[in-house]
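> A predicted structure for the sequence below; I have some questions about it.
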Amino acid sequence: MHERASDDHRRSGPAHKAYDALCAHMRQLMALERVQELLTWDQETMMPASGIAARAEHNAAVEVAAHRLRADARMAEWIGMLTAEEAGLEPVARAILRESRRIHDRAIRIPESLASAIARATSHGQVVWAASRRANRFADFVPALAEIVELMRNEARCLAGPDAGPDALYDALLDAFEPGARGAELAALLGSLRPALTSLRERIAERVAMRGNAPDPAPISEAAQLELSRLLCAISGYEASTGRLDRSEHPFSLSFGPGDVRITTRVRREAPWECLYATMHELGHALYDLGIDPALAFTPAGRSASMGIDESQSRLWENQIGRSRAFCGWFAPEIARRGGGPADPAALHASVNRVAPGFIRTEADEVHYNLHILLRLDLERALIAGDLEVAELETEWRRRFGREFGIEPPDAARGVLQDVHWSVGVFGYFPTYALGNIYGAAVATAMRRELADLDGILAAGELAPARAWLREKVHRHGRLKTPTEIVQEATGAAPSTAPLLDYLEEKYTQLYEL
């Protein structure tokens, strides 16, 4: 357990006062950022549609206040004094200093007027996207998205410099989610997965052509899906006293502090696995937030190490746990008891791991999922570079999807409009999903190695041992360690694609009898 940063990780004299002042200042900023997220949660779950204009002003006002805290000149003074003493600081203090420096350095490069404009445009853009998705008309979204893309290009120029090349512009946005990562390197890393994934996909397709595939799931009532989702929350250790489960157009998880972490899911009668495994995915995020050492709360070190590590937890919880043969043994009777099916665990395991090309990323099987991410990574890099304009995006999406998957999306809702990310100005996030798969497979392999009879535990519907192991190895550290350090210390090896490819090969070879 780490001691409270505000109490003990300080030096005497001026550095002592500078550290106290910096921690107090950052506590205000972290609290204000939680208020921003609370506004987002309300907008996505409770706010009436007519409130969008007012909400855009709310978000802009809060962002201006937060930006002023991040860019406050006093931060440079405190950081400068502490940097001179950095070698002698305790680990928590060094992490707070490092993260505060990152936040301040980014903020002083971005004009307040631009930060405000982005907050206003993305608040509006999120609502326009949702309406366009429901109406299935990309043209309705084009003006709002074009404005957002131009604003994000401007932010990238501020961060990387006016003469920065296209790779540097994208890297500046990516850095907010995966510190130190480079778009070109990630494209190469994720692209290296393509040959093995394509080979596995083709072998599965040949087998399916011979014997058929698992059937699509039978519809389950919306009430039953929500009841099952609440059951998943309960056995995961996600308690009503510290969270909420609500419905939204796009599932998400938001943390407002150690005692308030909320998730949403999407419910459609004809697509029950989408709901149940979205719930499992968001539970992975929520349990990570709840597992960070509470002594780090409201400090910049009290956040996930990176979005790649954050997504490793959601993808691990959704796939290596939720779609495992053992867990399906417990889950199948629970689904059948509520009017769903199949009741047979083997049939459920086959159904939730069914491999087939599809249009929707969040419904994609594990073999196809990273190919969805590669598509988005390439497109958003082209958008930020100016090589692709928003008006051309739907056509390019359809063309690229057809080349990658052999089928073309029949409409915008199952193509370019399916994800919320770009509507809220999030460019550079998509590759962290694939990084999460890479990190998560490595961590899950180590967990299976260290937890005796993990399959027996999951088959009993007991998730507490897995949660406890992950909390100790991954969650509690927050940003005290880098993503590489967390994975290496948890697994005994540097991050690589090998555990993910080994896991997929073994799982689907058995499932499809390849």
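Ah, there it is. Numbers count the residues shown, from 1 in each chain.
> mind listing what the closest residue to residue 201 other than its chain neighbours touches?
Spatially, and ignoring its direct neighbours in sequence, residue 201 is nearest to residue 367 (5.3 Å; C-beta to C-beta, 6 or more residues apart in numbering). For the C-beta atoms, the positions are set from N, CA and C on the backbone; glycine is no exception. Residue 367 sits next to 197, 200-201, 204, 355, 504, 508 when contact means C-beta atoms under 8 Å, 6 or more residues apart in numbering.
> Now the residues you listed in TSV, please, with extra columns for secondary structure, pLDDT and neighbour count.
Below are the contacts of residue 367 laid out as TSV (DSSP: H, G, I helix; E, B strand; the rest coil; pLDDT from 0 to 100; neighbours: other C-beta atoms under 10 Å):
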residue	secondary structure	pLDDT	neighbour count
197	helix	97	19
200	helix	97	22
201	helix	96	20
204	helix	97	21
355	coil	97	21
504	helix	98	22
508	helix	98	21
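> Next one: the residue nearest to the spatial centre of the chain, what pLDDT does it get?
The chain has residue 311 as the residue nearest its centroid, 4.6 Å off, counting by C-alpha atoms, centre = their mean. pLDDT for residue 311: 97.
> how close does it get to residue 363?
Distance, residue 311 to residue 363, using C-beta to C-beta, to the nearest Å: 17 Å.
> coming back round to it: what's the local residue count around the closest residue to the residue nearest to the centre of the chain other than its chain neighbours?
Excluding the flanking residues, the one nearest residue 311 by C-beta to C-beta, 6+ apart is residue 436, at 2.7 Å. The number of residues packed near residue 436 is 23, by other C-beta atoms under 10 Å.
> and what of residue 266?
What residue 266 shows, counting by other C-beta under 10 Å, is a neighbour count of 17.
> repeat for the one 4 residues further on
When counting by other C-beta under 10 Å, one arrives at 10 neighbours for residue 270.
> wouldn't it be in contact with residue 219 here?
Yes - taking contacts as C-beta atoms under 8 Å, residue 270 lies within contact range of residue 219: 4.9 Å.
> For the longest helix along the chain, buried residues please.
Criterion DSSP state H: the longest helix present in the chain is helix 14-45. Neighbour counts over helix 14-45 (16 or more other C-beta atoms under 10 Å) mark 15, 18-19, 22-23, 25-27, 29-30, 32-34, 36, 39-41, 43-44 as buried.
> and if you look at stretch 180-198?
Applying 16+ other C-beta under 10 Å to stretch 180-198 flags 181-183, 186-187, 189-190, 193, 196-197 as buried.
> Tell me which of the residues you listed fall in helices.
183, 186-187, 189-190, 196-197.
> What segments of this protein are strands?
If DSSP state E is used as the criterion, the strands of the chain fall at 245-247, 253-257, 260-265.
> what residue ranges in the stretch 351-500 of the chain score low on pLDDT?
For the stretch 351-500 of the chain, no stretch has pLDDT under 70.
> Show me the helices in it, by range?
366-385, 393-405, 430-450, 454-459, 464-473, 483-491, 498-512 (DSSP state H, counting those that start in this stretch).
> possible to save these as JSON lines with distance to residue 159?
What follows is the helices of the stretch 351-500 of the chain, written out as JSON lines (distance: least, C-beta to C-beta, whole Å):
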{"stretch": "helix 366-385", "distance to residue 159": "12"}
{"stretch": "helix 393-405", "distance to residue 159": "23"}
{"stretch": "helix 430-450", "distance to residue 159": "18"}
{"stretch": "helix 454-459", "distance to residue 159": "43"}
{"stretch": "helix 464-473", "distance to residue 159": "33"}
{"stretch": "helix 483-491", "distance to residue 159": "21"}
{"stretch": "helix 498-512", "distance to residue 159": "31"}
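> Please work out which of the ones you listed is packed deepest.
Greatest average neighbour count among the helices of the stretch 351-500 of the chain goes to helix 430-450 (a mean of 23), per mean count of other C-beta atoms under 10 Å.
> counting contacts, what elements does that one pack onto?
helix 183-191, helix 307-315, helix 366-385, helix 464-473, helix 483-491, helix 498-512 (3 or more C-beta pairs under 8 Å, 6 or more residues apart in numbering; DSSP states H and E).
> With distance to residue 163 as added columns, please give those helices in JSON lines.
Listed next are the helices and strands packed on helix 430-450 as JSON lines, based on distance: least, C-beta to C-beta, whole Å:
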{"stretch": "helix 183-191", "distance to residue 163": "18"}
{"stretch": "helix 307-315", "distance to residue 163": "28"}
{"stretch": "helix 366-385", "distance to residue 163": "14"}
{"stretch": "helix 464-473", "distance to residue 163": "43"}
{"stretch": "helix 483-491", "distance to residue 163": "30"}
{"stretch": "helix 498-512", "distance to residue 163": "38"}
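> out of the ones you listed, which comes closest to residue 454?
helix 464-473 (7.2 Å; C-beta to C-beta).
> and the angle for that closest one with helix 483-491?
Helix 464-473 and helix 483-491 meet at an angle of 130 degrees, taking axes from the mean of the first three to the mean of the last three C-alpha atoms, to 10 degrees as the criterion.
> helices or strands up against helix 464-473?
helix 272-291, helix 430-450, helix 454-459, helix 483-491.
> how about those helices, which one is nearest residue 94?
helix 483-491 (13.2 Å).
> And residue 20, how close does it get to residue 298?
For residue 20, the distance to residue 298 equals 14 Å [C-beta to C-beta].
> Not counting residues beside it along the chain, what's closest to residue 333?
Going by C-beta to C-beta, 6+ apart, residue 333 has residue 343 as its nearest residue, at 6.1 Å.
> That neighbour and residue 336: what is the separation?
In terms of C-beta to C-beta, residue 343 sits 4 Å off from residue 336.
> ditto for residue 482
45 Å.
> what does residue 146 give?
48 Å.
> what do you get for residue 417?
Distance from residue 417 to residue 336, by C-beta to C-beta: 35 Å.
> Among these two, which residue is more densely surrounded?
residue 417 (26 against 14).
> what about residue 139, neighbour count?
Neighbourhood size, residue 139 [other C-beta under 10 Å]: 11.
> I'd like the contacts of residue 367 as TSV, with distance to residue 94 appended.
Output for these, formatted as TSV (distance: C-beta to C-beta, whole Å):
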residue	distance to residue 94
197	39
200	43
201	45
204	48
355	46
504	38
508	43
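> which of the residues you listed lies closest to residue 421?
Looking across those and measuring by C-beta to C-beta, the closest to residue 421 is residue 197, at 22.2 Å.
> Which residues are in contact with the closest one?
For residue 197, the contact set (C-beta under 8 Å, 6+ apart) comprises 367-368, 370-371, 504.
> do that again at 7 Å, thanks
367, 370-371 (C-beta atoms under 7 Å, 6 or more residues apart in numbering).
> ok, back up a step: so the residue nearest to the centre of the chain is in contact with residue 430, correct?
No - counting by C-beta atoms under 7 Å, residue 311 sits too far from residue 430 to count as a contact (10.1 Å).
> anything in contact with each of these two?
With C-beta under 7 Å, 6+ apart, residue 311 and residue 430 have no common neighbours.
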